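Colleague: 3D, please:
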Amino acid sequence: MITFYQNQKGLVPTAAQESPYWINTVCPTALDKKYLLDELQIPEAFYNDIEDIDERPRIEYEQGWYLILIRIPYKSSDPKLPFSTAPLGFIFNATTFVSICFEENELLTDFIAYTQRKQLTIANHFDLVLKLLLSSSVWFLKYLKQINQSIKLAENNLEQSIRNEDLQTLLQLEKCLVYFITSIKGNDNVFRRIKNIKEQQAFFDPELLEDVDIELRQAEEMANIYSNILAGMMDAYASVISNNLNVIMKRLTSISIILMIPTVIASFYGMNVPNSLEQNPYGLVLLILLSGLISTMGVYLFKKKNFF
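Modeller: Got it, this is the predicted structure:
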């Protein structure tokens with residue numbers, strides 16, 4: 001879907017015929033692609049790069065068009081990967097600014113509403129890119145907080161009972177954090193390259209550059225902290241599971257030994273050979289008492305050694 005915006009104290013929706021400042025494209029259809037390639041004549045190679053879900057953040061310049069590609073976070077519909085990242089590409093020249101993303105996300109809608117609420121004016125194309133890069137860092141932080149809450153919930157569940165589902169939840173969150181860390185590092189590299197564009201340095205807002213730098217660093221540090229915490233937690237629970245298994249096996253072995261005592265006694269006196277109790281009317285009772293006595297002594301010794 002393509003939406004058009006004018007730069008008038010915030011990004012205001014407009015029509016395609018009114019020379020829009022920003023052409024925002026989310027999950028483009030075949031008609032949208034035809035419009036972008038045929039009417040706007042953006043480079044097809046740039047479009048195809050953004051379509052690749054695994055494309056890394058970078059900057060390119062070709063035939064008068066800039067391509068700035070960053071990665072943004074979004075909530076995934078895949079239950080095995082609740083949070084992921086997707087490419088958000090900016091293709092622009094002196095007169096046209098196009099953004100393309102092939103995943104539904106909350107970032108762009110929130111950013112547009114924010115510019116309208118604050119009545120922000122976009123200075124130039126690079127200013128818009130930096131503001132969107134700042135917004136992406138803020139959304140990384142929001143989703144990182146949600147991931148942290150999910151980690152705490154899974155930790156509470158694991159404290160009560162260790163189930164495969166809870167461990168799988170931690171593995172899924174660990175995968176999300178890996179994607180986040182990689183994407184934030186890529187965005188940071190793009191930000192450094194934008195800052196070093198000599199012909200644009202005079203037009204950059206120093207406060208905006210500082211804000212972007214701070215938010216990117218904070219997002220990267222938080223993602224690394226949560227990733228380290230999660231890795232340590234996974235190692236700890238792996239040790240707990242292994243220890244619990246050893247305790248269970250020790251108890252089962254102890255029970256087997258205790259149950260084996262009356263079995264051995266009954267086996268000896270059940271043989272079809274003469275013994276001292278075959279004529280004794282109390283022989284069965286004596287064997288039961290003997291078996292119980294020895295088994296009780298075995299239970300006492302095992303408890304003393306903490307085998308139970």
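Colleague: my guess is Gly89 is in a strand, correct?
Modeller: Yes - under DSSP: H, G, I helix; E, B strand; the rest coil, Gly89 sits within a strand.
Colleague: Excluding chain neighbours, give the residue nearest to Leu209 in space.
Modeller: In space, and not counting its chain neighbours, Leu209 is closest to Lys195: 6.4 Å by Cβ to Cβ, 6 or more residues apart in numbering. From N, CA and C alone the C-beta is placed, and that goes for glycine too.
Colleague: was I right about the one you found contacting Pro206?
Modeller: No - Lys195 is beyond contact range of Pro206, at 10.6 Å (criterion: Cβ atoms under 8 Å).
Colleague: Those two - which one has more neighbours?
Modeller: Lys195 (15 against 7; other Cβ atoms under 10 Å).
Colleague: and the more buried one, what does it touch?
Modeller: Applying Cβ atoms under 8 Å, 6 or more residues apart in numbering, we find Lys195 in contact with 201, 204, 209.
Colleague: Kindly recompute the last result at 10 Å.
Modeller: Applying Cβ atoms under 10 Å, 6 or more residues apart in numbering to Lys195 gives the contacts 126, 130, 201, 204, 209, 212-213.
Colleague: Return the members of those residues classed as buried.
Modeller: 126, 130, 204, 209, 212-213 (16 or more other Cβ atoms under 10 Å).
Colleague: Farthest-apart pair in the residues you listed, please.
Modeller: Using Cβ to Cβ, the buried ones among the contacts of Lys195 span at most 15.1 Å, a distance reached by Phe126 and Asp213.
Colleague: per-residue pLDDT, Glu278?
Modeller: Model confidence at Glu278, given as pLDDT, is 68.
Colleague: would you list every one of the strands in the protein?
Modeller: 2-7, 11-14, 22-26, 58-62, 65-75, 83-92, 97-101 (DSSP state E).
Colleague: which one of those lies closest to Pro262?
Modeller: Of all the strands of the chain, strand 83-92 comes closest under Cβ to Cβ, at 58.3 Å.
Colleague: Count residues in the vicinity of the nearest residue to Phe92 once chain neighbours are set aside, would you?
Modeller: In space, and not counting its chain neighbours, Phe92 is closest to His125: 4.7 Å by Cβ to Cβ, 6+ apart. Close neighbours of His125, defined as other Cβ under 10 Å, add up to 21.
Colleague: Please apply the same query to Val12.
Modeller: 15.
Colleague: For it, name its beta-bridge partners.
Modeller: Residues in a beta bridge with Val12, per DSSP bridges, are Gln6.
Colleague: how about Val12, what does it touch?
Modeller: Counting by Cβ under 10 Å, 6+ apart, Val12 has contacts 4-6, 20-21, 112, 115-116.
Colleague: Per-residue pLDDT of the residue nearest to Leu209, please?
Modeller: For Lys195, the model assigns a pLDDT of 89.
Colleague: how near is it to Ala231?
Modeller: 32 Å (Cβ to Cβ, to the nearest Å).
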